[in-house]
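In: quick one, structure for this:
(3 chains)
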Amino acid sequence: MTAEKLNEIYKLLYSRFGPQHWWPGETTFEIIIGAVLTQNTNWTNVEKAVGNLKSASLLTPEKIHDLDISRLAELIRPAGYFNIKAKRIKNFMNWLFENYRGSLENLDNINTQRLREQLLTVNGIGAETADSILLYALKREIFVVDTYTARFAIRHHLIDPDAGYEQISDLFLSNLPQDIKLFNEYHALIVRLGKEFCKPNPKCSNCPLEELPHTIEIDCF
DNA sequence: GACCAGGCACATC
DNA sequence: GATGTGCATGGT
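Out: I've put the predicted structure just below:
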């Protein structure tokens, strides 16, 4: 039941919006940095911050690891929360250098769940950031849950309104084929839907999913 | 000027 | 274990 519904929704979203080409980033490392920078922040602000790092030719693990934290904070200022995010990026770099000699390739040998647990030990990397890194940067079979995803799942009665992160992520993982490309595109399409229609305010109108039976719930966050 | 944006950790009850 | 708060820029 849920599986069919998720499949139907996916087809509707894909036919309406087409492929979203996620994650917008040229390298694995850029995607990881972007995953931290985008925490509770508009993507256009993240692009400015990433642009600053690129212009300074600093977008490699070695350079960021060596970079002075106050300089890093200054460069990522447009992404907001720049002091805390500079710390979080540094925490990730320290983890990478202490455990994997600073090489992202060395993560390839690690089992997905074990890697997820390790990422979650890094201060500043929570469930969504870890999962974004795992799916979009490291190409693991993981479904990312963000604000848009939670709002979408609740409004369409796919999940209990006070479900936690793991529960929502499990909804997709358990009812979709285990396909990295599908997980990638589905999440990106939910975000696209969220940006254009499924907002907290104003409420949904002219939503592409309006024709779906039993899926429209106007109130709730 | 208010509201929102691809969260997270920490304090407090 | 739930609930509240700080962190901050930039677009609408």
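In: secondary structure element for A:S169?
Out: A:S169 belongs to helix A:165-175 when assigned by DSSP states H and E.
In: return the set of buried residues in the helix or strand hosting A:K90.
Out: Secondary structure from DSSP H and E places A:K90 in helix A:82-100. Neighbour-count burial for helix A:82-100 flags A:82, A:85-93, A:95-96, A:100 (criterion: 16 or more other CB atoms under 10 Å). The way it works is simple: take the backbone N, C-alpha and C, and place the C-beta from them, glycine included.
In: near DNA strand C, which of these show up?
Out: Among these, proximity to DNA strand C is found for A:F82, A:K85 (CB under 7 Å from any atom of the strand).
In: check contacts around A:R16.
Out: With contact set as CB atoms under 8 Å, 6 or more residues apart in numbering, A:R16 has these partners: A:P208.
In: leaving out the residues flanking it, which one is nearest to A:G126?
Out: A:L120 (7.3 Å; CB to CB, 6 or more residues apart in numbering).
In: ok, the residue of chain A found nearest DNA strand B - how many residues close by?
Out: Per CB to the nearest atom of the strand, the residue of chain A with the smallest distance to DNA strand B is A:G126, at 2.3 Å. As a burial measure, A:G126 scores 14 neighbours (other CB atoms under 10 Å).
In: for it, give me the pLDDT.
Out: On the pLDDT scale, A:G126 is placed at 98.
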